[in-house]
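# A predicted structure for the sequence below; I have some questions about it.
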Amino acid sequence: MQVISTKDQFRRSLDGARLAGHTVGLVPTMGALHAGHISLIDAARRDCDVVALTIFVNPLQFAAGEDLSAYPRPLERDLELAEAAGVSVVFTPTDAEMYPKPTATSVHVDGLTALMEGAARPSHFDGVTTVVTKLFNLAGPCRAYFGEKDFQQLAVVTRMAADLDQPVEVIACPIVRESDGLALSSRNIYLSAEDRAAAVVLSRSLEHGAEMILGGERDARVVAAKLSEFVGEEPRAQLEYAEVVDAASLVPIGDLRSGTTVRLIMTVRFGTTRLLDNRGVVVP
């Protein structure tokens, strides 16, 4: 496994792989790898000859007061996990390598970034799309693997790649959960034992909302209200938002029409830790 820290080396390594006739799978991460990340690597290995993992805690997507300085960075452990998972190349740039000068250019995706995480964290998605564009430019033609847990991010990156004709096929991978239903996240390590036990309210709320739709409820507003009510019964949970949105446009919807694919999306705070989760439902 190659461990590369400069942009030029990373670009040359993947260009060389393609010249040798290999296909490339890209797995962008901020490190603190867990089983969810490994599932992305596994998907890339199934599809591609060479798997490139990036580990970079991107400062552009953190606002003032967020957890940039505290974000976990267990690099040695991450490299061990990456090698065991069959990664070919790991790109671990510094902030100075990625942003040698103050960034004067940013990438913005309109519409999809207006609600939910975009409203809660106004600068977040511009930071995400800017760094992902840089990584796509460095990696070159490839398949890029993103998890559905950050569903809005997945939708934004997919639209960006299509709009900008980037030579990248974005591959969506399913959420990986703990045995009790909690979606895996690098931020789960921040949870106290009490908050960890309470955090299952996210997946249980989403399951309840999905059951309402599958059982015949056709007013999305009623479902969203029930999600909020369900979370409100957990005293350690502070709901930020609960939405039922069209899975393609991310726009909140009213009537749930037969055959429509919707996404139930929630963000809940436990102390200072924000957890995101979602579930897809096809309306019967």
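Structure received.
# Kindly state the domain boundaries assigned to this structure.
For the chain, automatic domain parsing gives the domain ranges 2-173, 186-278.
# Low-confidence ranges, this structure, go.
Within the chain, no stretch has pLDDT under 70.
# where do the helices sit along the chain?
7-19, 35-47, 75-85, 95-98, 117-120, 124-139, 151-163, 193-198, 201-214, 220-232 (DSSP state H).
# Format those as TSV; extra columns: mean neighbour count.
Bear in mind the C-beta positions are built from the backbone N, C-alpha and C, glycine included. Output for these, formatted as TSV (neighbours: other CB atoms under 10 Å):
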stretch	mean neighbour count
helix 7-19	16
helix 35-47	19
helix 75-85	16
helix 95-98	14
helix 117-120	16
helix 124-139	21
helix 151-163	21
helix 193-198	14
helix 201-214	20
helix 220-232	18
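# Make a markdown table from these and add distance to Arg263 to it.
Formatted as a markdown table, the helices of the chain follow (distance: least, CB to CB, whole Å):
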| stretch | distance to Arg263 |
| --- | --- |
| helix 7-19 | 32 |
| helix 35-47 | 18 |
| helix 75-85 | 28 |
| helix 95-98 | 31 |
| helix 117-120 | 13 |
| helix 124-139 | 17 |
| helix 151-163 | 6 |
| helix 193-198 | 23 |
| helix 201-214 | 10 |
| helix 220-232 | 11 |
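# Which of the ones you listed sits closest to Gln61?
Distance to Gln61, taken as CB to CB, is lowest for helix 124-139 among the helices of the chain, at 3.2 Å.
# quick one on the thing from earlier: export the domains of the chain to CSV and tack on distance to Ser179?
Compiled in CSV, the domains of the chain are given as follows (distance: least, CB to CB, whole Å):
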stretch, distance to Ser179
domain 2-173, 11
domain 186-278, 10
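# Contacts only, for the residue lying closest to Ala44 once chain neighbours are set aside.
Counting by CB to CB, 6 or more residues apart in numbering, Ala44 lies nearest to Gly25, which is 3.1 Å off, once chain neighbours are set aside. Counting by CB atoms under 8 Å, 6 or more residues apart in numbering, Gly25 touches Ala43, Ala44, Arg45, Asp47, Cys48, Val50, Val51, Ala52, Cys142, Arg143, Ala144, Tyr145.
# hang on, the earlier thing: Ala247 is nearest to which of the helices of the chain?
Short answer: helix 151-163, nearest of the helices of the chain by CB to CB, at 8.2 Å.
# ok now the closest one, how far from the chain's centre?
11 Å (CA atoms, centre = their mean, to the nearest Å).
# can you check stretch 165-180 too?
For stretch 165-180, the distance to the chain centre is 8 Å (CA atoms, centre = their mean).
# contacts for it?
Under the contact criterion CB under 8 Å, 6+ apart, stretch 165-180 has outside partners 26, 34-36, 39-40, 43-44, 47, 133, 136-137, 139-149, 154, 157-158, 160-161, 183-184, 200, 203, 277-278.
# Alright, that wraps it up for me.
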